[in-house]
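Chemist: Give the three-dimensional model of this entry:
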Amino acid sequence: MSTTAQPVPFLKGHGTENDFVIIPDPDGRLDLSAAAVARICDRRAGVGADGVLRVVRAAADPAARALAGEAEWFMDYRNADGSIAEMCGNGVRVFAHYLRQAGLVKDGGAGEGLPVATRAGVRRVGFAANGDVVVDMGAARLPAGPRASATVTVGERGWPALHVDMGNPHAVAFVDQLTDAGRLFDPPAVTPATAFPAGVNVEFAVDRGPRHVALRVHERGSGETRSCGTGACAVAVAAARRDGLDPARDGETATYTVDVPGGRLVVTEAPDGTVTLTGPAVLVAEGTLDPALLG
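Modeler: Just a heads-up that it's a prediction; the model follows:
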């Protein structure tokens, strides 16, 4: 990749108010450094976002070249601080919505859906008749042994947290009320640190009714966000296990409604282990980035 002195086109979109700057770079020509991403995501001096979605052909990026036979497009996702993330459930919905709106792909609503390459593997995306975007998020992994659980601490209070991996790591703690999470701009303390050597997304969850939960989240590299798609999946899986539900064991699908500060998502876990995330994706603006933002 190489730098450019020309203005760079971008779009702005969100999924349940988890917002992203979308940068089309089909041929992989941009040198998108961590510092540049942080400048773009700055809500006062930049465009402002929870992260950046770089749209690049899988064959044009070394990180995804091995997946080019399965998916034409690679979602190069960066957190607001410029760090690289493996997966983003809200981001992949917005990414796929952009590809469709831009005419870069055929309608992914039929058959096996639209394949999107991510650092967590290929995710397949479909488009519902009501406008929602449906993502096959793969199977949740619940590590065993010492990494199965941790303790999340806010101030002098602590809660047990279940380790759920959705392609990226999550620590899910059930609390009495969402205000127990305190100020989530800074990451909550999670122990033991060895359970999450690459950092962790932390979800605080409460019950709203039968198979209906709500959450607040601190996303690794972004702070508190209005929504987290992989986090919603992690909370739904954790709630199911807490409620004695295990589709792989029971042979019955488990579906949870998950309220996030920015809206509502629906998470379904099937007997084959597949977790499906359903929710909206919206494009709100487009323009060009000053080359100075890219450094």
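Chemist: what about the residue lying closest to Asp81 once chain neighbours are set aside, which helix or strand?
Modeler: Residue nearest to Asp81 in three dimensions, not counting chain neighbours: Gly221, with 4.7 Å by CB to CB, 6 or more residues apart in numbering. For the C-beta atoms, the positions are set from N, CA and C on the backbone; glycine is no exception. Assigned by DSSP states H and E, Gly221 belongs to no helix or strand.
Chemist: doesn't Asn79 make contact with Gly221?
Modeler: Yes. At 3.0 Å, Gly221 and Asn79 qualify as touching, with contact defined as CB atoms under 8 Å.
Chemist: Overlap of the contact sets of these two?
Modeler: Gly51, Ala85 (CB atoms under 8 Å, 6 or more residues apart in numbering).
Chemist: Helices of the stretch 101-250 of the chain, start to end?
Modeler: Using DSSP state H, counting those that start in this stretch, the helices of the stretch 101-250 of the chain run over 229-242, 247-250.
Chemist: so which of those helices is the most packed in?
Modeler: helix 229-242 (a mean of 27; mean count of other CB atoms under 10 Å).
Chemist: Output it as CSV, restricted to C-alpha atoms.
Modeler: C-alpha atoms of helix 229-242 as CSV (Å, rounded to 0.1, in the frame of the first residue of the first chain):
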residue,chain,number,x,y,z
GLY,A,229,-22.7,-6.7,17.9
THR,A,230,-20.3,-9.4,19.0
GLY,A,231,-21.0,-8.2,22.6
ALA,A,232,-24.7,-8.7,22.1
CYS,A,233,-24.0,-12.3,20.9
ALA,A,234,-21.7,-13.0,23.8
VAL,A,235,-24.4,-11.7,26.3
ALA,A,236,-27.1,-13.8,24.7
VAL,A,237,-25.0,-16.9,24.8
ALA,A,238,-24.0,-16.2,28.4
ALA,A,239,-27.6,-15.6,29.4
ALA,A,240,-28.7,-18.9,27.7
ARG,A,241,-26.1,-20.9,29.6
ARG,A,242,-27.1,-19.1,32.9
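Chemist: Give me the domain ranges for the chain.
Modeler: Domain segmentation of the chain under automatic domain parsing yields 8-132+281-294, 145-278.
Chemist: Ok, which of these comes nearest Ala139?
Modeler: domain 145-278 (3.7 Å; CB to CB).
Chemist: pLDDT averaged over the closest one, what's the number?
Modeler: For domain 145-278, mean pLDDT is 96.
Chemist: Report the spatially closest residue to the residue sitting nearest the centre point of the chain, excluding sequence-adjacent ones.
Modeler: In the chain, the C-alpha nearest the mean C-alpha coordinate belongs to Cys88, at 2.0 Å (CA atoms, centre = their mean). Leaving aside its chain neighbours, Cys88 sits nearest to Tyr77 (4.9 Å; criterion: CB to CB, 6+ apart).
Chemist: so the one you found sits in a helix?
Modeler: No. Under DSSP: H, G, I helix; E, B strand; the rest coil, Tyr77 falls outside any helix and is assigned strand.
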